[in-house]
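In: Task: produce atomic coordinates for the following.
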Amino acid sequence: MKPFMTPSQPIELRWLKEAGLFLFLVLVLTACAGTPRHHLAIDASLIEPGQSQEDVLRMLGPPNATRTNASGQEEWHYYEVRRHFWHKLPFSERFTHPEVEALMVVLENGRVRSAQYYVPVPSR
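Out: Predicted coordinates for the structure are as follows:
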């Protein structure tokens, strides 16, 4: 009859613990990776009057929305909506709102006239 514990078993258990710890760390670190997103407050500080629209496109990418204002200037709107995990729960929208930040870049004749970062107030 073979004994229940063999001398090699503690080594195998240690290997399993190390492999489990490694797998846990990999899962935790990949969960933190997330999707890349804009940090519009920082992006707004990079935009200066007089820059070309090509410079803005290179730094920020295409805008989420565009429009022409009453003065004939082109407005590029960038926004980021951050939803927390509890926003997926039923009826949570009554108690919490997603975080929204926005950046408006005003262009005139292909050049930046102004850039404004703002955080819209959620409507209740």
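In: For the chain, which segments are assigned as strands?
Out: When assigned using DSSP state E, the strands of the chain occupy the ranges 65-68, 74-82, 99-108, 111-118.
In: which stretch among these comes nearest residue 49?
Out: Comparing these against residue 49 with CB to CB, the closest turns out to be strand 111-118 (5.4 Å). C-beta here means a position set from N, CA and C on the backbone, and glycine is covered the same way.
In: The closest one: which residues count as buried?
Out: Neighbour counts over strand 111-118 (16 or more other CB atoms under 10 Å) mark 112, 115, 117 as buried.
In: Now that strand: average pLDDT?
Out: Throughout strand 111-118, pLDDT has a mean value of 94.
In: same for that strand, what does it pack against?
Out: helix 40-46, helix 53-60, strand 99-108 (3 or more CB pairs under 8 Å, 6 or more residues apart in numbering; DSSP states H and E).
In: picking up where we left off before, which among the strands of the chain is found nearest to residue 51?
Out: Taking CB to CB as the criterion, strand 111-118 is the member of those that comes nearest to residue 51, at 4.6 Å.
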